[in-house]
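K.L.:
Sequence plus the predicted model coming up.
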Amino acid sequence: MSDVRAPVSDAVTRSPRDHGSAFLVKRDHLADWCWRDTARPADLADGEAELRQLRFALTANNITYAKFGGDSQIRYWRFFPTEEPWGQIPVWGIGEVVRSRHASLVEGERVYGYFPMASHLVVTPDRVRSAGFIDAQPHRAVLPQTYNEYARLDHDRGYDPARADQHLVLRPLFALSFFLAAHLQDSACFGARQIIISSASSKTAMGLAFLLAQDKPDGVRLVGLTSPGNAAFVARAGCYDDVVTYDAIATLPADAKAVVIDIAGDQQVLAAVHRHLGDTIAESIRVGATHWDSAAAQDALPGPAPQWFFTPDHIVRRRTEWGADQLRTRLAQAWGAFVTDTDRWLRVSHGVGKGAIEAAYRQVLAGGVPPEVAHTLSFAAAPA
């Protein structure tokens with residue numbers, strides 16, 4: 001792990017207010033990073049706005065973005081391009097409009113959406129509504145629209161300023177939980193009698209288990225797979241019917257039809273579950289890859305081939321089926337119930353400045369964040 005400092009050729013000729021700051025990582029070796037001073041534009045084009053990032057969350061989900069930055073369907077490195085071999089990891093953040101040449105956005109307004117790990121971002125708002133807008137920067141046009149949307153927080157029915165930290169940490173993860181739960185509920189859980197969720201202590205898994213517990217077929221048991229070190233926390237949280245540690249996978253009922261949901265992308269765990277349950281598995285769903293250094297290759301597994309769950313496709317599907325307003329209402333209601341429940345077990349640690357960002361990144365990359373803890377971070381004092 002290293003902390004290298006990139007040269008800044010114009011640092012002596014520009015005042016600090018002309019500069020932003022960005023945290024870059026090596027695309028092929030995430031443990032190498034650098035800080036880069038970035039020149040803010042002297043002028044904005046008509047229709048543009050500049051956002052100052054006030055606060056962002058850093059979770060294992062962001063490691064998934066980096067791990068699949070160039071190879072996934074989404075190609076995360078393309079959202080905020082920089083010269084190779086460096087990349088800017090996307091994060092979910094709250095920003096303030098500090099300059100605007102767009103008639104519908106005023107300085108001081110706050111928005112929520114996709115940011116680089118950087119202090120500033122220039123956007124081109126399009127399709128501006130009271131609820132939000134799309135960033136129409138040309139390089140983002142080919143990327144999934146759901147990642148280009150920014151919510152205008154003054155009009156967001158799901159946003160509570162008193163819960164800004166929970167919003168940052170959990171809302172992006174909860175969206176995946178919400179749409180995956182809807183998928184399973186629509187499919188009557190594929191006729192399974194047990195739903196086995198790996199990385200049971202993760203925020204995504206906790207959200208999924210919370211939602212499924214509200215509406216699942218009678219007799220279906222939620223099983224949380226977790227490490228021995230996290231088992232006590234998962235049991236205390238009370239989201240699962242059963243908690244099974246990874247070294248006890250062989251104790252899973254082999255005669256009960258199962259749905260397997262792989263949250264973290266740990267190949268060894270997924271293989272162990274498939275080898276034990278085989279054709280008893282009705283559906284195997286892969287969600288994430290927070291085990292970023294796990295081997296990508298995997299021999300053919302017993303049972304059905306794991307299928308990727310691609311959230312943006314499901315967002316589009318639900319908008320079509322339910323309509324945008326009903327989707328927002330359902331999501332806000334589910335979110336409100338879940339975020340209230342997290343008061344029992346979630347503790348948010350907020351850090352300010354480069355040192356805090358580096359320390360949090362080290363911990364998240366190493367998988368060393370306790371399950372009841374989450375990081376939110378700011379580049380400068382006076383966060384959102």
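P.N.:
That came through fine.
K.L.:
Please enumerate the helices of the stretch 51-200 of the chain.
P.N.:
Taking DSSP state H, counting those that start in this stretch, the helices of the stretch 51-200 of the chain run over residues 60-67, 164-186.
K.L.:
With adjacent residues omitted, what lies nearest to the residue nearest to the spatial centre of the chain?
P.N.:
The geometric centre of the chain, computed from its C-alpha atoms, lies nearest to Asn61 (C-alpha atoms, centre = their mean), at 4.2 Å. Once flanking residues are discounted, Asn61 sits nearest to Leu173: 5.8 Å by C-beta to C-beta, 6 or more residues apart in numbering. Placement of C-beta: from N, CA and C, glycine included.
K.L.:
Pro144 against His314, yeah?
P.N.:
No. Counting by C-beta atoms under 8 Å, Pro144 does not reach His314; the two are 11.5 Å apart.
K.L.:
circling back: tell me who's in contact with the residue nearest to Asn61.
P.N.:
59, 61, 202-204, 207 (C-beta atoms under 8 Å, 6 or more residues apart in numbering).
K.L.:
Closest one of those to Val128?
P.N.:
Nearest to Val128 among the contacts of Leu173 is Asn61, at 27.6 Å by C-beta to C-beta.
K.L.:
Now do that closest one against Phe309, distance only.
P.N.:
Distance of Asn61 to Phe309, given as C-beta to C-beta, to the nearest Å: 14 Å.
K.L.:
Ok, Gly132 next?
P.N.:
Distance from Gly132 to Phe309, counting by C-beta to C-beta: 24 Å.
K.L.:
what's the answer for Arg286, then?
P.N.:
Arg286 sits 7 Å away from Phe309, going by C-beta to C-beta.
K.L.:
repeat for Thr226
P.N.:
Thr226 is 20 Å from Phe309, by C-beta to C-beta.
K.L.:
same deal with Ala151?
P.N.:
Distance, Ala151 to Phe309, by C-beta to C-beta: 23 Å.
K.L.:
Then Val364?
P.N.:
22 Å.
K.L.:
ranges for the strands of the stretch 201-350 of the chain?
P.N.:
Here the stretch 201-350 of the chain has its strands, by DSSP state E, counting those that start in this stretch, at 221-226, 242-245, 258-262, 281-286, 307-308, 347-352.
K.L.:
List the pairing partners of the last one within its sheet, with orientation.
P.N.:
When pairing is defined by DSSP bridges, strand 347-352 lines up against strand 373-378 (parallel).
K.L.:
Could you do the fourth one as well?
P.N.:
Applying DSSP bridges to the sheet, strand 281-286 is found paired with strand 258-262 (parallel), strand 307-308 (parallel).
K.L.:
Taking helix 164-186 as reference, get the angle to that strand.
P.N.:
Counting by axes from the mean of the first three to the mean of the last three C-alpha atoms, to 10 degrees, strand 281-286 lies at 150 degrees to helix 164-186.
K.L.:
what mean pLDDT would you report for strand 281-286?
P.N.:
In this model, strand 281-286 carries a mean pLDDT of 95.
K.L.:
next one: the fifth one
P.N.:
Mean pLDDT, taken over the full extent of strand 307-308, equals 88.
K.L.:
Could you do stretch 149-168 as well?
P.N.:
Mean pLDDT, stretch 149-168: 88.
K.L.:
Show me what counts as buried in that stretch.
P.N.:
149-153, 156, 158-159, 163-168 (16 or more other C-beta atoms under 10 Å).
K.L.:
Flag the shaky bits of this protein, pLDDT-wise.
P.N.:
Low-confidence segments of the chain (pLDDT under 70): 1-17, 71-73, 288-299, 382-384.
K.L.:
how does it divide into domains?
P.N.:
2-156+346-378, 175-313 (automatic domain parsing).
K.L.:
now the last one: how far from the chain's centre is it?
P.N.:
In this view, domain 175-313 has its centroid 18 Å away from the chain centroid, taken as C-alpha atoms, centre = their mean, to the nearest Å.
K.L.:
Show the end-to-end separation of it, please.
P.N.:
End-to-end distance for domain 175-313: 12 Å, by C-alpha to C-alpha, to the nearest Å.
K.L.:
Kindly report the same for stretch 97-112.
P.N.:
Stretch 97-112 end-to-end distance (C-alpha to C-alpha) = 11 Å.
K.L.:
what comes up buried for it?
P.N.:
97, 99-100, 102, 105, 109-112.
K.L.:
same question, stretch 33-41
P.N.:
33-38, 40.
K.L.:
Just the ones in strands from the residues you listed, please.
P.N.:
Judged by DSSP state E, the buried residues of stretch 33-41 include 33-38 as members of strands.
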